[in-house]
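1. Here's a sequence, model it:
(chains A and B)
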2 protein chains.
Amino acid sequence: MVVAEIRIELKPGVADPEGKNTKKALELLGFNDIKGVRSIKMFEIEMDADPAVARKECEEMCRKLLANPVIQKFRVDLR
Amino acid sequence: MVVAEIRIELKPGVADPEGKNTKKALELLGFNDIKGVRSIKMFEIEMDADPAVARKECEEMCRKLLANPVIQKFRVDLR
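-> Presented below is the predicted three-dimensional model:
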């Protein structure tokens, strides 16, 4: 059994309205030393495969469904 | 400058419809060795504070805004 962590984030330069609004809301709550907030999506996938296969499959999942390759990049970590 | 990674995930036992539906969609695409999918939210926060203060502030941000303590747990990592 392998657990893969897939981390999907926006490519540099792509606007992140969720992060921007989160920053604004935190500042309204009185947090004044925030320089930037970025939002990141993760999936933890439990798989019944050996690590090399699992990694390949996770990358394929990202390309086919989980990530938008135009604006997002992804990283797969196994543990 | 400190970068804090805040990881927010559902507590054990709480239903995860996003993860469940992601699993279903991946299976429809032909990925058959998936045992479970969990969805996780992350924020990367750049702060102008020293590490101990940043950690405290991030935990307060989670309690006040970012996480729902009834169904979610959070973890703060600094780097």
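2. ranges for the strands of chain A?
-> For chain A, the strands defined by DSSP state E occupy A:2-10, A:34-47, A:72-78.
3. got any ranges where chain A has weak pLDDT?
-> Within chain A, no stretch has pLDDT under 70.
4. For it, which residues are neighbours of chain B?
-> Residues of chain A lying close to chain B (Cβ under 8 Å from any Cβ of the partner chain) are A:1, A:7, A:19, A:22, A:25-26, A:29, A:31, A:33-49, A:54, A:57, A:60-61, A:64-66. No exception for glycine: its C-beta is placed from N, CA and C like everyone else's.
5. most remote residue from chain A's center?
-> A:Gly30 (27.2 Å; Cα atoms, centre = their mean).
6. got the phi/psi numbers for it?
-> Phi and psi for A:Gly30, reported as degrees, to the nearest 10, are phi 110, psi 10.
7. Let me know the distance separating it from B:Met42.
-> Note on A:Gly30: its distance to B:Met42, by Cβ to Cβ, to the nearest Å, is 23 Å.
8. Now do the contacts for A:Gln71.
-> No Gln there; residue A:71 is Ile. For A:Ile71, the contact set (Cβ atoms under 8 Å, 6 or more residues apart in numbering or on different chains) comprises A:10-11, A:14.
9. quick revisit: so for B:Lys73, which of the strands of chain A sits nearest?
-> strand A:34-47 (13.6 Å; Cβ to Cβ).
10. To what extent is the nearest residue to A:Leu29 once chain neighbours are set aside buried, counted in neighbours?
-> Leaving aside its sequence neighbours, A:Leu29 sits nearest to B:Lys64 (Cβ to Cβ, 6 or more residues apart in numbering or on different chains; 5.7 Å). B:Lys64 has 13 neighbouring residues, counting by other Cβ atoms under 10 Å in any protein chain shown.
11. can you check the one 3 residues further on too?
-> Under the neighbour criterion other Cβ under 10 Å, B:Ala67 is assigned a count of 20.
12. so who does A:Ile45 touch?
-> A:3-6, A:58, A:61, B:34, B:36-38.
13. I figured A:Pro51 was touching A:Val2, is that so?
-> Yes - at 5.6 Å, A:Pro51 counts as touching A:Val2 under the criterion of Cβ atoms under 8 Å.
14. Thanks a lot, catch you later.
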